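Enquirer: after the sequence you'll find the predicted model.
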Amino acid sequence: MNESENTAANGSVRTAETLFEIVEQLAECDGASLSTVADELDYAKSTVHRHLRTVEELGYVEQRDDGYHVGLRFLELGVTARSSHRGYDLVREKVEEIAEETGERAQFFVEEHGKAVYLARSVGDRAVRTDPGIGSRIPL
């Protein structure tokens, strides 16, 4: 495959797009077999297998008895990304303080690519637990 075949019309690298589509499919399904991922994304099993084998060797995907799952290596990256926001430690402490004082849910999110991304959340003893998890994206 030459470079022009591996580049999408918008200039992005198609191989990277495929890889992240596969990983996101695993996350959406909370794990899946090779066949399921290939069928859901309409990719050849050989293509999906090559990508999964690569990210498995790098520690980003784990193969278990019931299929492939997103690996904990992504957690390491997520913690680093969250901590890189200036003032995160102060915000985290304040969110916990507010939840404790009010007994309700307190949360903090930042804007990224036009979406709100949850960075911190704490739940008081009277709170309703309905919000998305840390790292979830919602419309602003």
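Expert: That came through, no problem. None of these values were measured; they are calculated from a predicted model. Numbering: from 1, shown residues only.
Enquirer: wait, is F109 part of a helix?
Expert: No. Going by DSSP: H, G, I helix; E, B strand; the rest coil, the assignment for F109 is strand, not a helix.
Enquirer: and for it, nearest residue in space, chain neighbours not counted?
Expert: With CB to CB, 6 or more residues apart in numbering as the criterion, F109 has its nearest non-adjacent residue at 4.3 Å, and that residue is A116. In this view, the C-beta of every residue, glycine as well, is placed from N, C-alpha and C.
Enquirer: quick one: the residue of the chain most remote from its centre from L72, how far?
Expert: Here the chain reaches farthest from its C-alpha mean at E101, the gap being 31.0 Å by CA atoms, centre = their mean. Separation of E101 from L72 (CB to CB, to the nearest Å) stands at 33 Å.
Enquirer: pull up the gap between L75 and G135, please.
Expert: Distance of L75 to G135, computed by CB to CB: 10 Å.
Enquirer: ok, those two, which is more surrounded?
Expert: Set side by side, L75 and G135 show more neighbours around G135, with 14 against 11, by other CB atoms under 10 Å.
Enquirer: hmm, that one is touching L77, no?
Expert: No. Using CB atoms under 8 Å, G135 is not in contact with L77, being 10.6 Å away.
Enquirer: so where's the chain uncertain?
Expert: Applying pLDDT under 70 to the chain flags the ranges 1-11, 131.
Enquirer: the same query, at a cut-off of 90, please.
Expert: Along the chain, the model assigns pLDDT under 90 to residues 1-14, 83-90, 118, 123-136, 140.
Enquirer: tell me which stretches of it form helices.
Expert: In the chain, the helices defined using DSSP state H lie at 14-29, 34-41, 45-57, 73-83, 88-102.
Enquirer: so what's the gap between the third one and the chain middle?
Expert: Looking back up the chat, that one is helix 45-57. Taking CA atoms, centre = their mean, to the nearest Å, the mean C-alpha location of helix 45-57 is offset from the chain mean by 18 Å.
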